[in-house]
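> Here is a sequence together with a model predicted from it:
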Amino acid sequence: MDWVSDSDEKNSDNFSWETDEDDKESPADPPGEASEAGPSQPSLYSHFIGMGFSGDMVEKAIKENGEGNVETILETLLTYSAIGNSPSDCEDAPAECPVTSDEYSFDSDIDTDDPNDQDFIEGPQEKDKKLLILVDMGFSPEEADAAIERCGLDSSVLELADSIHAAQMAEEPEGIGWDCPKTRFEAAEGSSYGSTRKKRSLIEVKRKLKRSCLSQRRRDYVRKSTVDFDDAPLAIPKPMIGFGIPFEKCITRRSLPEAAIGPPYFYYENVALAPKGVWDTISRFLYDIEPEFVDSKYFCAAARKRAYIHNLPIENRFPLLPIPAKTIQEALPMTRQWWPQWDKRTQLNCLQTCIASAKLTERIRKALENYGDLPPPRVQEYVLAECRKWNLVWVGHHKVAPLEPDEVEMLLGFPNNHTRGGGISRTERYKSLGNSFQVNTVAYHLSVLKSMFPNGINLLSLFSGIGGAEVALHKLGIHLKTVVSVEKSEVNRNILRSFWEQTNQKGNLIDLDDVQLLNGDRLESLMKRYGGFDLVIGGSPCNNLAGSNRHTRDGLEGEHSSLFFDYFRILDLVKSIMVKNL
DNA sequence: TTTAAGATGAAGAGGTCA
DNA sequence: TGACCTCTTCATCTTAAA
């Protein structure tokens, strides 16, 4: 077993794969300690730099839109990228596109008297930034430098990359590419040539620009009463069974957008009932794949409405055995003797991060103690409402209680005592469990990997939490050759480490604490050492999406939930690096 | 300093009914 | 079809207790 923590990386001289290059501060890295990454401007700045935009564009876009509006900043950046320095270019945009040169002109907003804008126009700093971005895109420094010489420093990164690509096309023979499936670039361009990393990025940027125009149009016209099919938000299917559930008739075939096909496999999860438009945006970024909406009540005794976007096959899925109980009374048999006839619940609601207080259960006991087995309707209604709200179960006569952490572990499909011990408090256990995957549900989706990777898989696990993905794969009997796990919470990292040790894993566990530190160089280094990733899995924070959040339900622009864009950024980098190394 | 308790609504889906 | 209603929701913040 080889386990390496992020802190060990920094402190150990034995960490051979970590080169000195990795220690150099990249412009994509936020300043300060890794664990301090947050919503501040440097973080946003590095966030978008990591996506391949120039520093000046990012600064300008943040200045225009404010720090809080991540999606608008992104759309502005995509617009900048496509129109480059020529506002007139945007006039060639589709007629319905509301982006005018007046609104999004890049040059026209430059104040030549402003030293900041002067830096933007020209300067060594700008050249360095463009060089770095091009290198990060996968071009060699020589190619990047030659392109700047050819096109001039005023050229946009997009134009420079186009120029490099043109030079590559002139040099490379035709017919090089993936055998099957087609690459995203091939799909987009109809080319027979296997894509380079940047070539695909260009297509993506252009595609997103088009979509950003559509999105802008959507914002402008959505208030009108006319119904446009394209503008209809994603509908949540009913029943919420995704492509199917065990032992029921399932959909076994689907057509993925071609841009989504190809290594690595990926699997993204978040709350299904997010604010309107969130899943449209997530889907748009994740290669236009339709989300699979699944309620875990079909897999266990608790509801958990989640959506999953993945490019996994959906044929020949199989469930984990034994099949978990699907009713409260079967899952928690000790409650049967106390369960009143007038409480018709058979399943629990979503298991959240907080539980009911002792005072509430005391109030319920007092409300019931004056009555026999059949309290009056108003008392029943009050008690049932609180029971549904807090997932209370009957543990005695007139006595309800919140679930114990062990019971939550069991309902979510984790091993007994998975989160217990090792210094974790009861409150932290509830919080970590409330934020985790339902293992049986995820395992059902991942089960198709077992026959595809008989010798095990390399896993990049983003926002790992308490290791729901790792547990699911382990329970499926899929050997974990290498797991690069990124999780900010030390408590959660300790839980995963404990799982790794308790289950005698023989593979490598590399443990990082901040997704924002995973830049192209570091990913390439990891992938070079371990041979790439077979699966990129993660569920980014839901804090700003969840209905329970009364304070900061800000959608994907929220402080925590905007980390989705890091999932996308990292996934796109992994795809690009793997294509490049084919 | 850490942990737990208690108070804090709103968004959105879905059902019913006129 | 739209108004109205019920139900559900991977949470956050402040304060008190240990």
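Received, thanks. This structure is a prediction, so every number in the text was calculated from the model and none was measured.

> Residue A:354 belongs to a helix, doesn't it?
No. Going by DSSP: H, G, I helix; E, B strand; the rest coil, the assignment for residue A:354 is coil, not a helix.

> That one reaches residue A:434, doesn't it?
Yes. Using CB atoms under 8 Å, residue A:354 is in contact with residue A:434, at 7.5 Å. For every residue, glycine as well, the C-beta is placed using N, CA and C.

> Around DNA strand B, which positions in chain A sit nearby?
Residues of chain A lying close to DNA strand B by CB under 7 Å from any atom of the strand are A:233, A:236, A:238, A:273, A:275-276, A:354-355, A:357-360, A:425-428, A:547-551, A:553.

> and the residues you listed, which are buried?
Buried subset of the residues of chain A next to DNA strand B (neighbour count, 16 or more other CB atoms under 10 Å): A:275, A:355, A:360, A:428, A:553.

> Tell me the spacing between residue A:494 and residue A:513.
12 Å (CB to CB, to the nearest Å).

> Do you know the pLDDT at the closest residue in space to residue A:561 that isn't next to it in sequence?
Using CB to CB, 6 or more residues apart in numbering and skipping the chain neighbours, the partner closest in space to residue A:561 is residue A:544 (3.8 Å). pLDDT, residue A:544: 94.

> The one 10 residues further on now?
Residue A:554 is assigned a predicted lDDT (pLDDT) of 91.

> residues contacting the nearest residue to it once chain neighbours are set aside?
Excluding the flanking residues, the one nearest residue A:554 by CB to CB, 6+ apart is residue A:544, at 4.6 Å. By CB atoms under 8 Å, 6 or more residues apart in numbering, the contact set of residue A:544 is A:552, A:553, A:554, A:555, A:556, A:557, A:558, A:559, A:560, A:561, A:562.

> out of those, who's near DNA strand C?
Okay, of the contacts of residue A:544 touching DNA strand C (CB under 7 Å from any atom of the strand), that's A:552, A:560.

> What about the contacts of residue A:544, which are in strands?
With strands defined by DSSP state E, no entry of these lies inside them.

> give me phi/psi at the closest residue to residue A:327 other than its chain neighbours?
Take residue A:327 and drop its neighbours on the chain: the residue closest to it by CB to CB, 6+ apart is residue A:346, 4.6 Å away. With angles defined as degrees, to the nearest 10, residue A:346 sits at phi -120, psi -20.

> and stretch A:292-309 with DNA strand C, contact?
Yes. Residues of stretch A:292-309 contacting DNA strand C under CB under 7 Å from any atom of the strand: A:303, A:304, A:305, A:306.

> residues contacting the residue nearest to the second one when sequence neighbours are not counted?
The one in question is residue A:304. Counting by CB to CB, 6+ apart, residue A:304 lies nearest to residue A:296, which is 3.7 Å off, once chain neighbours are set aside. Residues in contact with residue A:296, defined by CB under 8 Å, 6+ apart, are A:302, A:303, A:304, A:305, A:306, A:438, A:440, A:441.

> For those, which two are the farthest from each other?
The distance between the two most remote of these (CB to CB) is 15.0 Å, for A:305 and A:440.

> These two: which is more packed in?
residue A:440 (22 against 17; other CB atoms under 10 Å).

> Kindly provide the distance from that one to residue A:297.
Distance, residue A:440 to residue A:297, using CB to CB: 11 Å.

> Next: residue A:513.
On the measure of CB to CB, residue A:513 and residue A:297 end up 34 Å apart.

> So between these two, which is more surrounded?
The residue with more neighbours, out of residue A:513 and residue A:297, is residue A:297; 23 against 19, by other CB under 10 Å.

> Any figure for the gap between the residue in chain A positioned nearest to DNA strand B and DNA strand C?
Chain A approaches DNA strand B most closely through residue A:357 (2.2 Å), counting by CB to the nearest atom of the strand. Using CB to the nearest atom of the strand, to the nearest Å, we find residue A:357 at a distance of 10 Å from DNA strand C.

> Dihedrals phi and psi, that residue?
Dihedral angles for residue A:357 - degrees, to the nearest 10 - are phi -80, psi 160.

> Drop anything exposed from the contacts of residue A:544.
A:553, A:554, A:555, A:556, A:557, A:558, A:559, A:560, A:561, A:562.

> Name the residues of chain A found near DNA strand C, please.
Counting by CB under 7 Å from any atom of the strand, the residues of chain A near DNA strand C are A:269-273, A:303-306, A:349-350, A:352-354, A:385, A:388-389, A:434-435, A:539-552, A:560.

> Now intersect those with the strands, please.
Using DSSP E, the residues of chain A next to DNA strand C in strands are A:269, A:270, A:271, A:305, A:306.

> List the residues that contact the second one.
By that I understand residue A:270. Residues in contact with residue A:270, defined by CB under 8 Å, 6+ apart, are A:282, A:306, A:307, A:539, A:540, A:542, A:545, A:561, A:564.

> What is the neighbour count of the residue lying closest to the fourth one once chain neighbours are set aside?
In space, and not counting its chain neighbours, residue A:539 is closest to residue A:269: 3.6 Å by CB to CB, 6+ apart. Around residue A:269 sit 26 other residues, with neighbours defined as other CB under 10 Å.
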